[in-house]
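> Output the structure for:
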Amino acid sequence: MSPGKRDLRKEFLKRIPEKEVVDEILQCAKARRGLDLWKQATGGARFKKSFVTFGIPGQPDLTGVYYTPIGALRIDVECKRPIGGKWSDDQKSYARRVRKVNGIYILATSWKEVADVLDQLDNRIKSFIVPTGKEKKCRRSSQ
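So this is what the prediction gives:
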């Protein structure tokens, strides 16, 4: 790739807002079998005369459940812009807590990154499943 094209690509990626990343991941997650993801609201709002906060500091943009042959796993996805997104100390702390209890925490700038982690997880799980002998045998078709 020539330097000029690289600069254009970088400029393009800088302009992608986090909301687009969140929306892309949510949309693509609908097509992934066994994956339920939803938005996690955090922040605060004025309610009558008081200010109400909601959510946990550092909690990710998306959370959900990933159903696997060995059971359901908690999954959290923190979405960032491809270029310029910053990971806060609260988010790092939250990620450590999730991973400590064997949850899945993904810092992602695109659906591809999420899908890659889930594919790796699926492959690891398949390697641990011991055949019981009750699986259906597949006949090879002769060519």
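
> Under the pLDDT cut-off, which ranges of this protein? List them.
1-6, 8-14, 130-143 (pLDDT under 70).

> list the buried ones in the longest helix seen in the chain?
Assignment by DSSP state H gives helix 111-128 as the longest helix of the chain. Judged by neighbour count (16 or more other CB atoms under 10 Å), helix 111-128 contains these buried residues: Trp111, Glu113, Val114, Ala115, Val117, Leu118. (Each C-beta comes from the backbone N, C-alpha and C, glycine too.)

> what does that helix rub up against?
Identification of contacts with helix 111-128 by CB atoms under 8 Å, 6 or more residues apart in numbering yields 24-25, 27-29, 32, 35, 66, 68-70, 73, 77, 104, 106, 108.

> and the two most separated of those?
Glu24 and Ile70 (28.3 Å; CB to CB).

> about what we covered before: dump the buried residues of helix 111-128 to JSON lines, plus distance to Asp61.
Compiled in JSON lines, these are given as follows (distance: CB to CB, whole Å):
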{"residue": "Trp111", "distance to Asp61": "13"}
{"residue": "Glu113", "distance to Asp61": "13"}
{"residue": "Val114", "distance to Asp61": "12"}
{"residue": "Ala115", "distance to Asp61": "17"}
{"residue": "Val117", "distance to Asp61": "15"}
{"residue": "Leu118", "distance to Asp61": "17"}
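
> Out of the residues you listed, flag the one nearest to Arg97.
The shortest separation between Arg97 and any of these is 18.2 Å, and it belongs to Val117 (by CB to CB).

> Quick one: residues contacting the residue nearest to the spatial centre of the chain.
Of all residues in the chain, the one closest to the mean position by CA atoms, centre = their mean is Val77, 3.6 Å from it. Residues in contact with Val77, defined by CB under 8 Å, 6+ apart, are Ile25, Leu37, Pro60, Asp61, Leu62, Thr63, Tyr105, Ile106, Ala108, Val114.

> The fifth one touches Glu24, doesn't it?
By that I understand Leu62. No: because the distance of 11.2 Å does not satisfy CB atoms under 8 Å, Leu62 is recorded as not touching Glu24.
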